[in-house]
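Engineer: Here is the input, now give the coordinates:
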Amino acid sequence: MNSGVSTNLGEVNLLSGGLFQVQGINPNSATGTSLVNFNGGTLQAVNANTTFLGTFLTGAYVYSGGGTINTTTSPSRFQKSCRRPRAAA
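Structural biologist: Sure, this is the predicted structure:
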């Protein structure tokens, strides 16, 4: 998710039963679009991280299937809030 180009897209979709183990999701630039979508899956921290979901992440969305962020063994901080997606216009 370190695109640095305005037309680039980095997207992670965590679906039911899915597990994504990472040190963090922290794009190094606000350029481009970087998204994390939860719909039943689990995002798990493998190390402690002060920017687990970083400031430059465009959005972290929780759909009807919900989601889990597991930082039990690796305390982490979130610079970006998770929110529900907006309804289509």
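
Engineer: For the residue nearest to the spatial centre of the chain, list each beta-bridge partner.
Structural biologist: Most central in the chain under Cα atoms, centre = their mean is Val36, positioned 3.7 Å from the mean C-alpha point. On the basis of DSSP bridges, Val36 is bridged to Val12, Ala60.

Engineer: wait, doesn't it sit right on Gly59?
Structural biologist: Yes - using Cβ atoms under 8 Å, Val36 is in contact with Gly59, at 7.5 Å. For the C-beta atoms, the positions are set from N, CA and C on the backbone; glycine is no exception.

Engineer: This structure: strands as residue ranges?
Structural biologist: Ranges of strands in the chain, per DSSP state E, are 9-15, 19-22, 33-39, 42-45, 49-53, 59-62, 68-70, 76-78, 82-83.

Engineer: As JSON lines, the ones you listed with mean pLDDT would be great.
Structural biologist: Shown next, in JSON lines, are these (pLDDT from 0 to 100):
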{"stretch": "strand 9-15", "mean pLDDT": "92"}
{"stretch": "strand 19-22", "mean pLDDT": "93"}
{"stretch": "strand 33-39", "mean pLDDT": "92"}
{"stretch": "strand 42-45", "mean pLDDT": "90"}
{"stretch": "strand 49-53", "mean pLDDT": "84"}
{"stretch": "strand 59-62", "mean pLDDT": "91"}
{"stretch": "strand 68-70", "mean pLDDT": "89"}
{"stretch": "strand 76-78", "mean pLDDT": "75"}
{"stretch": "strand 82-83", "mean pLDDT": "85"}
